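sequence unknown, structure follows:
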């Protein structure tokens, strides 16, 4: 039952966060001309939800300082990665941006050995490598009539985002030794709010938000999307707390598969909702990537 819990919550995290990423892409690329209004609204949402969580679920009377510091470190790494990711989603296609950041299970697997003492079997490493390779394959772009492939220009920056996400997951796993899922949620929310304000709290940005066309509608969209993301964050913390962080991160890594599926459905029934350019060849490559990801997750389910 314990194994089933972290596998199910990891899968649920992948589904929920993939929906949030698609909504992020829609709002940032179709509704806003800049990132600042999004960051300001996100900062308010994160701060309010963190304070509500703190009021309902206070910290234990004597948490270890090391766990609190690890939580803060994880929150700051996650927040910086999130800001960079949102900027990339505003400029690129969600089905190509997310797969690169989803390579973080490799970093998690490498870091969890010396820092947490987690060891992966041969099957575990095979699962990690298979899912990450599938994710990178999905992010490949075809050019020159489909004769050449290349990685997007922001590939290295997005790899850095993946590294930050891996550091975050490792830190959260360590922090939850003595603090609860909801305590971690509180720390995460405060860190995201602080970093978002650092990047966006300028007079001109506040005026931009104030003078935004259809401001209430767009703020409502951002708030709704943040609510979806918050659900995904809580699920991810439950999974990280319950299972081996390297394998949990690997299952969360199947987001690109769900994003591809959802993007194809949305592009079919709601053209223009998100910016996606699909051809038969790109779809075929992405399907192969999905198969590799599915195989990796299956290995975890059978032997993890």
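Looks like it came in fine. Bear in mind the structure is a predicted one, so any value in this text is a computation, not a measurement. Numbers count the residues shown, from 1 in each chain.

got the contact list for residue 176?
By CB atoms under 8 Å, 6 or more residues apart in numbering, the contact set of residue 176 is 67, 184, 237, 240-241. (C-beta placed from N, C-alpha, C; glycine too.)

Please tabulate those residues in JSON lines and include pLDDT and distance to residue 248 as additional columns.
Formatted as JSON lines, those follow (pLDDT from 0 to 100; distance: CB to CB, whole Å):
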{"residue": "67", "pLDDT": "91", "distance to residue 248": "18"}
{"residue": "184", "pLDDT": "95", "distance to residue 248": "14"}
{"residue": "237", "pLDDT": "94", "distance to residue 248": "10"}
{"residue": "240", "pLDDT": "91", "distance to residue 248": "6"}
{"residue": "241", "pLDDT": "90", "distance to residue 248": "9"}
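
and which of those is nearest residue 249?
Among the contacts of residue 176, residue 240 lies closest to residue 249 (CB to CB), at 8.1 Å.

and the closest one, what does it touch?
169, 172-173, 176, 248.

now, which of the residues you listed lie within helices?
Residues of the contacts of residue 240 located in helices (DSSP state H): 169, 172-173, 248.

Report the rounded mean pLDDT for stretch 253-261.
Taken as a whole, stretch 253-261 has an average pLDDT of 80.

where exactly do the strands run in this protein?
141-143, 148-150 (DSSP state E).

Pull the contacting residues for the residue nearest to residue 177 when sequence neighbours are not counted.
Using CB to CB, 6 or more residues apart in numbering and skipping the chain neighbours, the partner closest in space to residue 177 is residue 67 (5.5 Å). When contacts are counted by CB under 8 Å, 6+ apart, residue 67 touches 174-179.

can you tell me how far residue 67 sits from residue 9?
21 Å (CB to CB, to the nearest Å).

And residue 237, by the same measure?
9 Å.

Please apply the same query to residue 223.
24 Å.

who's in contact with residue 180?
Residue 180 neighbours (CB under 8 Å, 6+ apart): 57, 60.

Just read off the phi/psi values of it.
Residue 180 adopts backbone torsions of phi -80, psi 170, taken as degrees, to the nearest 10.

So that it lines up with my notes, have the first residue be 807 from now on.
I'll keep to 807 as the first residue from here, and by that count the last item is residue 986.

still on that earlier bit, which of residue 1029 and residue 815 has more neighbours?
Here residue 1029 and residue 815 are compared on neighbour count by other CB atoms under 10 Å; more neighbours surround residue 815, at 23 against 14.

wait, isn't that one in contact with residue 1045?
Yes - counting by CB atoms under 8 Å, residue 815 touches residue 1045, with 4.0 Å between them.

Pass me the low-pLDDT residue ranges in the stretch 857-1006 of the chain, would you?
Where the stretch 857-1006 of the chain drops to pLDDT under 70, the residues are 898-899, 901-902, 905, 908-911, 921, 924, 926, 941, 944-960.

ok, which stretches of it are helices?
Along the stretch 857-1006 of the chain, counting by DSSP state H, counting those that start in this stretch, helices occupy 871-897, 900-907, 910-922, 928-945, 961-981, 987-1006.

what would those look like in TSV with distance to residue 1088?
Output for the helices of the stretch 857-1006 of the chain, formatted as TSV (distance: least, CB to CB, whole Å):
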stretch	distance to residue 1088
helix 871-897	19
helix 900-907	9
helix 910-922	23
helix 928-945	9
helix 961-981	17
helix 987-1006	33
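
Can you tell me which of the ones you listed is most buried?
Most buried of the helices of the stretch 857-1006 of the chain by mean neighbour count (mean count of other CB atoms under 10 Å) is helix 900-907; its value is a mean of 27.

Take the ones in helices among the contacts of residue 1046 and lay them out in a markdown table including distance to residue 1073.
Below are the ones in helices among the contacts of residue 1046 laid out as a markdown table (distance: CB to CB, whole Å):
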| residue | distance to residue 1073 |
| --- | --- |
| 975 | 31 |
| 978 | 34 |
| 979 | 37 |
| 1054 | 30 |
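
what's the farthest-apart pair in those residues?
978 and 1054 (10.4 Å).
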